[in-house]
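> turn this into a model:
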Amino acid sequence: MGGSSRWTAPARAILVVRKTHDSAKEPSMLILIDHANVDAIAKTLEYLPIDGVTTNPTILYREGKEPLEVLHAIKSVLPDGAQLHVQIVSQRADDMVAEARALRGEIGGNLFIKLPVTHEGFAAIPRIVREGMQVTATGIHSSMQGFMAAKAGARYVAPYVNRMDNYGIDGVRVASEIHRTLRTYDLKADVLAASFKNSEQVLELVRQGVGAITAAPDVLAALIKNPATDAAIADQNRDFGILVGERRTWLDLINDK
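Okay, the predicted model is just below:
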């Protein structure tokens, strides 16, 4: 028992778990067409990876046709599973719920009910969500409107980017703020940015990683248009034509064998 001894606490093992990045599970930004002209929608679907269509009363008004017929025509050209967003026009929450039920019965499919971020719209959001419908909160012009709509249960919140710019508000900044807030509080909602004037506004929100954008066909076309690309491909095709004959392709060469 002689001598003193000091007790030493055993070393604690620390397990560090590193999360591996799985790009296959990384969510992709959705691209939607903000339009109601069926021909324009169909042409855009031919060459762009589109996830759905958004409409509003003004967009439908511009078509000058019976709106239910337009919605059914749009649905007929959309691929299976594509989203279709339709805006409620009732003013009171009870009527909004009834209108949403009727639209679900009429349109069906992957329908999103667009509700305005008004007093009555906020009251209607959780009621419609409880009935199993998906809601897009629309008309958003501030970060708090977007946050509160998501907290109320909206699947998407739609800030009007260019409309905010017209009011002297930085629309891209507000949309980005909403996106960061949704991620900070882990809300099950995404930004669906709308109202774009040019492709640069879209590009900035792509950089920010927002969940979705919707834009008119001409704005979407501008996203992939670049004169430098056209010039490069024209030069290469000209050189190939010099080699094998103008306007001749690989198909011609193979068929001539």
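> name the SS class of Phe112, please.
Applying DSSP: H, G, I helix; E, B strand; the rest coil to Phe112 yields a three-state assignment of strand.
> which ones are touching it?
With contacts defined as Cβ atoms under 8 Å, 6 or more residues apart in numbering, the neighbours of Phe112 are 83-86, 134-136, 155-156. (Glycine included, C-beta is placed from N, CA and C.)
> same check on Val210?
29, 175-176, 179, 190-191, 193.
> of those residues, closest to Leu251?
Met29 (35.5 Å; Cβ to Cβ).
> okay, that closest one: pLDDT?
As predicted, Met29 sits at a pLDDT of 94.
> hmm, it is touching Arg207, no?
No: using Cβ atoms under 8 Å as the test, Met29 is too far from Arg207 to be in contact (10.6 Å).
> those two - which one has more neighbours?
Comparing Met29 with Arg207 by other Cβ atoms under 10 Å, the one with more neighbours is Met29, at 16 against 10.
> who are the neighbours in contact with that one?
206, 209-213.
> ramachandran angles for it?
Backbone torsions of Met29, given as degrees, to the nearest 10, read phi -70, psi 130.
> again with Ala150
phi -60, psi -40.
> now do the buried residues in stretch 31-42.
31-38, 41 (16 or more other Cβ atoms under 10 Å).
> ok, stretch 151-168 next?
Buried residues in stretch 151-168 (16+ other Cβ under 10 Å): 151-165.
> nearest to Thr54, of the residues you listed?
Ala158 (7.8 Å).
> after the helix or strand hosting the closest one comes which helix or strand?
Using DSSP states H and E, the element containing Ala158 is strand 156-159. Counting by DSSP H and E, the next helix or strand C-terminal to strand 156-159 is helix 161-166.
> residues in contact with that next one?
Counting by Cβ under 8 Å, 6+ apart, 141, 170-172, 174-175, 193-197, 201, 205 sit against helix 161-166.
> what comes up buried for stretch 47-66?
Buried, per 16+ other Cβ under 10 Å, within stretch 47-66: 50-56, 59-60, 63.
> just stretch 127-134 next, same as before
In stretch 127-134, counting by 16+ other Cβ under 10 Å, buried: 127-129, 133-134.
> how does the chain divide into domains?
Domain segmentation of the chain under automatic domain parsing yields 27-225, 226-257.
> ranking these by burial, who's on top?
With neighbours taken as mean count of other Cβ atoms under 10 Å, those reach their highest mean count in domain 27-225, at a mean of 18.
> so how far is that domain from its chain's centroid?
Between the centre of domain 27-225 and the centre of its chain there are 7 Å (Cα atoms, centre = their mean, to the nearest Å).
> show me where the stretch 1-150 of the chain has helices.
38-47, 57-63, 67-77, 93-107, 119-130, 143-152 (DSSP state H, counting those that start in this stretch).
> ok, and what's touching the first one?
When contacts are taken as Cβ under 8 Å, 6+ apart, the neighbours of helix 38-47 outside the stretch itself are 33, 35, 50, 53, 70, 73-74, 76-79, 217, 220-221.
> could I get these as CSV with distance to His119?
Shown next, in CSV, are these (distance: Cβ to Cβ, whole Å):
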residue, distance to His119
Ile33, 31
His35, 30
Ile50, 34
Val53, 28
Val70, 29
Ala73, 34
Ile74, 30
Ser76, 36
Val77, 36
Leu78, 33
Pro79, 37
Pro217, 34
Leu220, 34
Ala221, 38
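> center of this protein - which residue?
Ala212 (2.2 Å; Cα atoms, centre = their mean).
> check the model's average confidence along the lengthiest helix in the chain for me.
The residue-count maximum for a helix in the chain (DSSP state H) belongs to helix 227-244. Helix 227-244 carries an average pLDDT of 98.
> need the residues that contact the helix or strand that it is followed by.
Downstream of helix 227-244, the next assigned helix or strand under DSSP H and E is helix 250-255. Applying Cβ under 8 Å, 6+ apart, the contact partners of helix 250-255 are 244-245.
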